[in-house]
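Student: Structure of the sequence below:
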Amino acid sequence: MRGPVALVGAGEFLDTMAEFDRGLLAATGRRRPRVVILPTASANDGESVFQSWAEKGVAHFSALGAEVEPVLIRNTGEGREPSAIQAVGEADLVYLSGGDPRHLLRVLQGSSLGAALTAANARGAVIAGCSAGAMAIVGRTMDYRVVPKLHLSVPLPFRWPHALGLVDGIAVLPHYDALPEPLCACLALLAPRGGVVFGIDEHTAVVGRNGAWQVFGAGRVTVWRGRRRERFRRGEAFRA
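Tutor: Reported below is the predicted structural model:
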């Protein structure tokens, strides 16, 4: 049976998400789940940042009682390493942390890593993505440029290419409550017709399986279906 997919707006490996992450571990059905941390999205931020996300993930999930392995894939070449693919294949939970969603997606689609994640989820593993990690594993992602001359540097999407596709027809806007709502609305309205956009607040997550979704954490999930907007809070469920 296909495993759950967890999409997190921001806050990976923080105490504010510990209760939620305990739930992810419980969802594996294992007494001591095997967790893989993939900090790939942060590879372009420098080696110290990349390593720090791996270390934070290991410390966080180890404290929650899991057996944790960081898989240090920085590029497509490393994404073909048999040991990395084996680790993903044996994991009960794979967690993709934040950074650059475009870089992460290039690695997922340009190596064996994306196929390994898809296969792991198909056999029942939980796949969780935070911020860039969430953007890369759904159906569509933003291909954007940053305009530094604006007072607030804003991602302007020119197209919504296909992402890894663990869940079809879904796109994610993370950090939703950290951006002005009119901007978020414009971004959501530029998404492909017929798709659904999840605006996920920081320290908030939504978990789905077979089209059924439930909200966890401190904030809200804003669901855009074209021009129609709905909001859901902790404990509330919906279909998409």
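
Student: contacting residues for the closest residue to residue 66 other than its chain neighbours?
Tutor: Ranked by Cβ to Cβ, 6 or more residues apart in numbering and with sequence neighbours excluded, the top spatial neighbour of residue 66 is residue 35, at 4.4 Å. Where you see a C-beta, it was placed from the backbone N, CA and C, and this is true even at glycine. Listed by Cβ atoms under 8 Å, 6 or more residues apart in numbering, the contact set of residue 35 reads 25, 57, 61, 66-69, 91-95.

Student: my read is residue 35 is in a strand, agree?
Tutor: Yes: under DSSP: H, G, I helix; E, B strand; the rest coil, residue 35 falls within a strand.

Student: the helices in this protein, which residues?
Tutor: 18-27, 47-63, 82-90, 101-110, 113-122, 132-137, 181-189 (DSSP state H).

Student: Just send those helices back as JSON lines, with distance to residue 240, mean neighbour count and mean pLDDT too.
Tutor: Shown next, in JSON lines, are those (distance: least, Cβ to Cβ, whole Å; neighbours: other Cβ atoms under 10 Å; pLDDT from 0 to 100):
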{"stretch": "helix 18-27", "distance to residue 240": "19", "mean neighbour count": "17", "mean pLDDT": "98"}
{"stretch": "helix 47-63", "distance to residue 240": "28", "mean neighbour count": "17", "mean pLDDT": "98"}
{"stretch": "helix 82-90", "distance to residue 240": "26", "mean neighbour count": "15", "mean pLDDT": "97"}
{"stretch": "helix 101-110", "distance to residue 240": "20", "mean neighbour count": "22", "mean pLDDT": "96"}
{"stretch": "helix 113-122", "distance to residue 240": "17", "mean neighbour count": "19", "mean pLDDT": "98"}
{"stretch": "helix 132-137", "distance to residue 240": "14", "mean neighbour count": "28", "mean pLDDT": "98"}
{"stretch": "helix 181-189", "distance to residue 240": "13", "mean neighbour count": "16", "mean pLDDT": "90"}
